[in-house]
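>>> Give me a 3D structure for the following:
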Amino acid sequence: METTLTQASATPAQTSLKNTPMIQLRDIEKVYQTDTIETVALNRVNLTINKGEFVSIMGPSGCGKSTLLSIMGLLDEPTGGVIEIDGRPVTSYSDKELARVRNHKIGFIFQSFHLINDLSVLDNVELPLLYRAGLSGKERRQRAQQALERVGLSARTRHFPSQLSGGQRQRVAIARALAGAPEIILADEPTGNLDSVMGDEIMDLLLGLHRDQGTTIVMVTHDENMAHKTERLIRFFDGSQVS
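Numbering: from 1, shown residues only. Prediction:
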């Protein structure tokens with residue numbers, strides 16, 4: 001990795017937030033229906049993620065982990081139940097407010113990176129900021145450059161995703177999430193497509209962000225070693241939380 005992030009202990013202010021709910025799920029259900037089949041993806045899930053926590057979610061494929069993350073990130077709606085962000089029910093938000101929460105408060109990291117091959121690394125990181133009202137082009141560019149510097153890719157701004165390794169592409173995806181200064185990062189299998197060395201580098205990066213800035217992180221993973229590096233491990237099976 002080209003730069004090393006300093007890992008610091010949580011500050012007293014960060015520690016005091018640990019008991020403040022950031023995301024609350026109450027009796028969340030998600031059912032997918034076709035003409036002949038009803039599939040229960042989530043079954044009455046009750047879960048609280050506090051500010052400043054780093055939580056991992058594990059379970060077999062198809063148990064509802066990614067669906068849960070999409071609902072937390074307001075990318076999908078539950079069939080039943082209540083979601084609260086910062087103590088406010090999501091149902092009370094207007095469409096404009098929901099879009100603002102997604103764009104300002106939440107950063108997403110995906111297993112498959114979701115980078116645009118025709119855009120440079122810098123342009124990929126800057127892209128979500130185009131939807132930020134009040135940010136000038138200069139400010140957007142500065143934020144993107146700072147985020148790339150933080151993940152150790154300041155020398156790759158003009159490269160394209162196809163010119164990078166898997167680990168570098170994932171760091172670009174993390175920089176894209178960081179550029180918006182989110183309070184919450186939702187990471188869906190962020191090391192799933194990487195070898196063990198690159199996976200460790202990405203995990204160290206996430207741990208550094210959590211420890212340095214107190215960022216709330218929820219990470220879906222299949223990797224027990226990665227999961228046990230987080231503060232809390234939640235296990236799912238057949239759409240239900242089992243531990």
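>>> what sits opposite the most centrally placed residue in the chain in the beta ladder?
By Cα atoms, centre = their mean, the chain has its centre lying nearest to Leu186, at 1.8 Å. On the basis of DSSP bridges, Leu186 is bridged to Phe108, Val218.
>>> Tell me which residues touch it, please.
Leu69, Met72, Gly73, Ile106, Gly107, Phe108, Ile109, Ile217, Val218 (Cβ atoms under 8 Å, 6 or more residues apart in numbering). Bear in mind the C-beta positions are built from the backbone N, C-alpha and C, glycine included.
>>> pLDDT at the first one, what is it?
The per-residue pLDDT reported for Leu69 equals 93.
>>> neighbours around Ser66, how many?
18 (other Cβ atoms under 10 Å).
>>> Identify the residue spatially nearest to it, adjacent ones excluded.
Asp188 (5.6 Å; Cβ to Cβ, 6 or more residues apart in numbering).
>>> residues contacting the one you found?
Asp188 touches Lys65, Ser66, Leu69, Phe108, Ile109, Phe110, Gln111, Val220, counting by Cβ under 8 Å, 6+ apart.
>>> between these, which is nearest His228?
Val220 (14.7 Å; Cβ to Cβ).
>>> The closest one contacts Glu189, correct?
Yes. The pair Val220 / Glu189 is scored as a contact, 5.8 Å apart, by Cβ atoms under 8 Å.
>>> can you tell me how far Ser240 sits from Asn43?
For Ser240, the distance to Asn43 equals 5 Å [Cβ to Cβ, to the nearest Å].
>>> And for Thr67?
For Thr67 relative to Asn43 (Cβ to Cβ), the value is 11 Å.
>>> Repeat that for Ala155.
Distance from Ala155 to Asn43, by Cβ to Cβ: 48 Å.
>>> Count the neighbours of the closest residue to Val151 other than its chain neighbours for me.
Leaving aside its sequence neighbours, Val151 sits nearest to Arg171 (Cβ to Cβ, 6+ apart; 4.2 Å). Per other Cβ under 10 Å, the neighbour tally for Arg171 reads 27.
>>> again, but for Pro190
Neighbours around Pro190, by other Cβ under 10 Å: 27.
>>> So, low pLDDT: which residues of the protein?
1-18 (pLDDT under 70).
>>> redo that, cut-off 80
Residues of the chain meeting the criterion pLDDT under 80: 1-19, 111, 133-134.
>>> in it, which spans are strands?
Ranges of strands in the chain, per DSSP state E, are 21-33, 38-50, 54-58, 80-85, 88-89, 106-110, 184-188, 216-220, 232-237, 240-241.
>>> Let me know which of these is the nearest to Leu178.
strand 106-110 (6.6 Å).
>>> Mind giving me the packing neighbours of that closest one?
helix 166-179, strand 184-188 (3 or more Cβ pairs under 8 Å, 6 or more residues apart in numbering; DSSP states H and E).
>>> Just send the ones you listed back as JSON lines, with distance to Leu135 too.
Formatted as JSON lines, the helices and strands packed on strand 106-110 follow (distance: least, Cβ to Cβ, whole Å):
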{"stretch": "helix 166-179", "distance to Leu135": "10"}
{"stretch": "strand 184-188", "distance to Leu135": "20"}
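>>> Neighbour count: Ala155 and Asn43, which is higher?
Asn43 (16 against 12).
>>> Now that one: closest residue in space, sequence neighbours ignored.
Gly239 (4.3 Å).
>>> Can you tell me how far that neighbour is from Ile28?
Counting by Cβ to Cβ - Gly239 and Ile28 are separated by 10 Å.
>>> Find the residues that touch each one of these two.
In contact with both Gly239 and Ile28: Leu42, Val45, using Cβ under 8 Å, 6+ apart.
>>> if we can go back for a sec, check contacts around the residue nearest to Val151.
Val151, Gly152, Leu153, Ile202, Leu205.
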